[in-house]
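Novice: with the input below, show me the fold.
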Amino acid sequence: MDITSSLPDPHICEQARLSRDARFDGLFFTAVSSTGIYCRPVCPAPVPKRANVRYYANAAAAEAAGFRPCLRCRPELSPGNDQWQRGDHVVARALKLIESGALEESSLPQLATHVGVGARQLRRLFVERVGAPPISVHTTRRLLFAKQLLTETALPVTEVALASGFRSLRRFNAAFAQANRIAPRELRRHPRAAAGDALVLRLGYRPPYAFGELLAFLRTRAMPGVERVDDDSYARVFGPADAPGWLRLSAWPGEHALRLQLHCPQSSQLLGVVTTLRRMFDLDANPQVIADTLRDDAILGPLLARRPGLRLPGGWDGFEIAVRAILGQQISVAAARTLATRIVQRWGQPLAEAPMPGLERLFPTPEVLAQAELREVGLTTARAATVRGMAQALLDGRVDFRADQSLDEFVARWVALPGIGEWTAHYMAMRALSEPDAFPAADLILRRAATTDPTPLSTKALSQRAEAWRPWRAYTVIHLWRGTTDAPPALRSKKSEKTP
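Specialist: From the prediction side, this is the model:
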């Protein structure tokens, strides 16, 4: 994939620009040579002449070409384009690492070594395929986030610099002025008031977006004390225990965006929290591309029509998802939630003060559960050993939730642990990594839902049928689960996972 092939067809770009089609928001940017500004395709400004328009696949490429972001349509609010991060190519892997903050602490040569190439080759590949070098991609991401904070919050400029990854205010001011042709303080002529001690931010998405369906999935799995999910919102607390934060995510009426209320005592965590929420709520997916692949399937087509914009529900933390996946082996969602609640109440870190009703504990750490006597809360001997062994494997580095690993690599490493089988590994990949092609083929409900025959498909037959659903098999899992009268997807195959 190179910079030109990642763009929609020029005629489609032109039609989307003229009609301000929100389905293409973030899939390309419109740069205007007469003004030196780049915009989202939904920009409400007067339509420029076609002769002055250039199209770029991403904001970093537009800025590398010398254009500055529009102050009216605000490119920082556009959803991302997950097409860039699909596959196992070194550029896709490097982009995932950049998004997870790799260049905050590491250098470009270290990033290049991690993905198996030299720094010069990685830079060349980025320029060819993305339109900008890795450092520019990293810097643009930070500056656009800073622009959003300056526009939507009353955070001091010093904290905005820290939140967007700049350790020097002088460097932040210089980089921001160069990219935006305006100083940070000039952009904040009319600072917004904060909602109490919480920030309020927009998190944009491409329509359609089935937020209510996603909440329904999370609501049955929410852990009392740590999370709270109602018909309209998702809320949770997060660490560290001595300075905990909290957040609440709800719909933003009249906009293709979610409303994030966020209290984060450590400004340096802000970008990471927003990045996690964008992954968890699948805000950068392109529902049109997913539907184009799946809508002609006899079983999936009606399900897509019934629930347009159904997204892949991720998880806040990989360890939390791993524990829940193990607890859910061969039992119902409700039973797994009961066990998880007992674990939280027994070993979760209590907070000195609950930020809102029902949120008073942090999920226990791997260090705690690696030593916990889990049979005290009702786990079987085998399952308790699996949870403890998994926690220790994370601490030892034998497994992890690194963003750039392939699905096959992730599954192979996890199934090597006692008590972890293919179903558990794929479920973790789907929820913890938001891997769009994860597919727990042994799931009994999937094998029933994927056929009109009364006899469930075999795991092998379902795997073969699902080849046509690549690379979106995880989305078919959610559609099939939700399509079976919301039957609990934790009812597993009769075949057990490996036991210790």
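
Novice: spatially central residue for the protein, please.
Specialist: Residue closest to the average C-alpha location in the chain (CA atoms, centre = their mean): R279, at 0.6 Å.

Novice: state the pLDDT value of the spatially closest residue to L155 that is not a sequence neighbour.
Specialist: Distances taken as CB to CB, 6 or more residues apart in numbering place L149 nearest to L155, at 5.6 Å, with adjacent residues excluded. From N, CA and C alone the C-beta is placed, and that goes for glycine too. At L149, the model reports a pLDDT of 96.

Novice: same deal with the one 4 residues further on?
Specialist: We note a pLDDT of 93 for T153 in this prediction.

Novice: OK, contacts around the nearest residue to it once chain neighbours are set aside?
Specialist: In this structure, T153 finds its nearest non-sequential neighbour in L199, 4.8 Å apart by CB to CB, 6+ apart. Contacts here follow CB atoms under 8 Å, 6 or more residues apart in numbering; on that basis L199 touches L149, E152, T153, L155, L260, Q261, L262, H263, C264, L270.

Novice: ok, now P308?
Specialist: Residues near P308 by CB under 8 Å, 6+ apart: P208, A210, P287, A291.

Novice: ok, now A251?
Specialist: For A251, the contacting residues are F211, D232, L258, R259, by CB under 8 Å, 6+ apart.

Novice: ok, now how distant is it from Q148?
Specialist: Spatial separation of A251 from Q148 under the definition CB to CB, to the nearest Å is 19 Å.

Novice: how about the strands in the stretch 251-400 of the chain?
Specialist: Secondary structure of the stretch 251-400 of the chain by DSSP state E, counting those that start in this stretch: the strands cover 257-263, 349-350, 361-362.

Novice: could I get those strands as CSV with mean pLDDT and mean neighbour count?
Specialist: What follows is the strands of the stretch 251-400 of the chain, written out as CSV (pLDDT from 0 to 100; neighbours: other CB atoms under 10 Å):
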stretch, mean pLDDT, mean neighbour count
strand 257-263, 97, 19
strand 349-350, 96, 14
strand 361-362, 96, 20
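
Novice: start to end distance for stretch 229-236?
Specialist: Terminal residues of stretch 229-236 lie 9 Å apart, using CA to CA, to the nearest Å.

Novice: that one: how far from the chain's middle?
Specialist: If you compare the mean C-alpha spot of stretch 229-236 with that of the full chain, they lie 17 Å apart, counting by CA atoms, centre = their mean, to the nearest Å.

Novice: could you export the strands of the stretch 251-400 of the chain as TSV, including distance to G483?
Specialist: Supplementary listing: the strands of the stretch 251-400 of the chain in TSV, determined by distance: least, CB to CB, whole Å:
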stretch	distance to G483
strand 257-263	25
strand 349-350	38
strand 361-362	34
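
Novice: out of the ones you listed, flag the one nearest T275.
Specialist: strand 257-263 (12.1 Å; CB to CB).

Novice: just the C-alphas of the closest one, formatted as CSV.
Specialist: Included here for strand 257-263 are C-alpha records, laid out as CSV according to Å, rounded to 0.1, in the frame of the first residue of the first chain:
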residue,chain,number,x,y,z
ALA,A,257,-18.9,12.0,18.0
LEU,A,258,-18.9,10.7,21.6
ARG,A,259,-18.7,13.0,24.5
LEU,A,260,-15.8,12.2,26.9
GLN,A,261,-15.8,13.6,30.4
LEU,A,262,-12.4,12.9,31.8
HIS,A,263,-10.6,13.6,35.1
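
Novice: which residues touch that strand?
Specialist: Contacts of strand 257-263 from elsewhere in the structure, counted by CB under 8 Å, 6+ apart, are 77, 195, 197-205, 211, 245-252, 270, 273-274, 277, 281, 283, 355.

Novice: now the buried members of the residues you listed.
Specialist: Burial of those was assessed by neighbour count (16 or more other CB atoms under 10 Å); the buried members are 77, 198-205, 211, 245-250, 252, 270, 273-274, 277, 281, 283, 355.

Novice: please flag which of those sit within helices.
Specialist: In helices, defined here by DSSP state H, the members of these are F211, L270, V273, V274, L277.

Novice: just to revisit the earlier point, okay, now the residue nearest to L155: neighbour count?
Specialist: 26 (other CB atoms under 10 Å).

Novice: what does the one 10 residues further on give?
Specialist: Burial of E159 is recorded as 15 neighbouring residues (other CB under 10 Å).

Novice: next: the one 5 residues further on.
Specialist: Burial of S164 is recorded as 25 neighbouring residues (other CB under 10 Å).

Novice: isn't N52 right next to T30, touching?
Specialist: No. No contact is recorded between N52 and T30 when judged using CB atoms under 8 Å, the distance being 9.9 Å.

Novice: neighbour-wise, which of the two wins?
Specialist: Applying other CB under 10 Å to N52 and T30 shows that T30 carries more neighbours, namely 26 against 12.

Novice: which residues touch that one?
Specialist: For T30, the set of contacting residues under the criterion of CB under 8 Å, 6+ apart consists of C13, R17, Y38, C39, R40, P41, C43, P48, V53, R54, Y55.

Novice: in three-state terms, label it for me.
Specialist: Three-state assignment for T30 (DSSP: H, G, I helix; E, B strand; the rest coil): strand.

Novice: so who does the residue nearest to it when sequence neighbours are not counted touch?
Specialist: Counting by CB to CB, 6+ apart, C39 is the residue found nearest to T30 once chain neighbours are left out, at 5.0 Å. With CB under 8 Å, 6+ apart as the criterion, the residues that contact C39 are F29, T30, A31, V32, A45, C70, R72, C73, P75.

Novice: any of those residues buried? List them.
Specialist: With neighbours counted by 16+ other CB under 10 Å, the contacts of C39 contain buried members at F29, T30, A31, V32, C70, C73, P75.

Novice: my guess is the last one meets Y38, correct?
Specialist: So the one you mean is P75. Yes. Look at P75 against Y38 with CB under 8 Å: they come within range, at 6.6 Å.

Novice: what sits in contact with each of the two?
Specialist: Between them, P75 and Y38 share the neighbouring residues F29, A59, P69, with contact defined by CB under 8 Å, 6+ apart.

Novice: separation between the residue nearest to the centre of the chain and R123?
Specialist: 26 Å.

Novice: Throw the ones in helices among the buried ones among the contacts of strand 257-263 into TSV and include pLDDT, thanks.
Specialist: Output for these, formatted as TSV (pLDDT from 0 to 100):
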residue	pLDDT
F211	98
L270	96
V273	97
V274	97
L277	98
